[in-house]
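Student: what follows is a predicted structure for the sequence shown.
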Amino acid sequence: QVQLVESGGGLVQAGGSLRLSCAASGHTFNRYTSAWFRQVAGGEREFVAAIAANGASSHNPNIVKDRFTIFLDNEKTTLFLQMNSLNLEDTAVYYCATRPWGKVTAAESYQDWGQGTQVTVSL
């Protein structure tokens with residue numbers, strides 16, 4: 001059974017940085033595409049970035065704009081999202097997900113999800 005646990009969220013001032021982590025048990029990230037999504041209250045989960053089993057990454061250009069980087073640790077058991085130059089619009093709950101069966105930018109494609117970590121950006 002795959003379990004994903006996110007951490008690293010918190011309160012940060014605009015312009016600051018955070019690094020989100022997603023630790024996996026029962027799974028290694030080098031077998032399937034994995035991704036970060038985010039969700040604001042009352043909204044739908046929005047694709048942020050994904051990394052394929054071969055290490056190739058993709059991102060949502062409307063969000064990332066060279067500010068965010070998705071990567072894995074050497075053991076392929078932890079997924080990261082480095083977020084720089086944060087702004088108020090980045091405030092959301094961030095989720096990691098893995099094992100998509102369809103379109104990697106679609107939340108409904110993913111079989112496994114973490115519980116989410118809150119990121120709040122303030123002035």
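Tutor: Thanks, I have it. Values in this document were obtained by computation on a predicted structure and should not be read as measured data.
Student: any idea which element the residue most central in space within the chain lies in?
Tutor: The centroid of the chain falls nearest to W36 when counting by CA atoms, centre = their mean (2.2 Å). Here W36 is covered by strand 34-39, with elements defined by DSSP states H and E.
Student: what's in contact with that strand?
Tutor: Applying CB atoms under 8 Å, 6 or more residues apart in numbering, the contact partners of strand 34-39 are 20, 22, 45-51, 63, 70, 72, 79, 81, 90, 92-98, 100, 104-105, 107, 110, 116, 119. The way it works is simple: take the backbone N, C-alpha and C, and place the C-beta from them, glycine included.
Student: now, of the residues you listed, which are buried?
Tutor: By the neighbour-count criterion of 16 or more other CB atoms under 10 Å, the contacts of strand 34-39 include these buried positions: 20, 22, 45-51, 63, 70, 72, 79, 81, 90, 92-98, 100, 104-105, 107, 110, 116, 119.
Student: in strands, which of those residues fall?
Tutor: Where the buried ones among the contacts of strand 34-39 overlap with strands, as defined by DSSP state E, the overlap consists of 20, 22, 46-51, 70, 72, 79, 81, 92-98, 100, 110, 119.
Student: count of neighbours near S58?
Tutor: Number of residues near S58 (other CB atoms under 10 Å) recorded here: 16.
Student: quick check: it touching A50?
Tutor: Yes - if you go by CB atoms under 8 Å, S58 and A50 touch, sitting 5.1 Å apart.
Student: what residues are shared contacts of those two?
Tutor: Taking CB under 8 Å, 6+ apart as the contact rule, S58 and A50 both touch V104, T105.
Student: re the thing from before, go through the strand holding W36 and flag the buried ones.
Tutor: In strand 34-39, counting by 16+ other CB under 10 Å, buried: S34, A35, W36, F37, R38.
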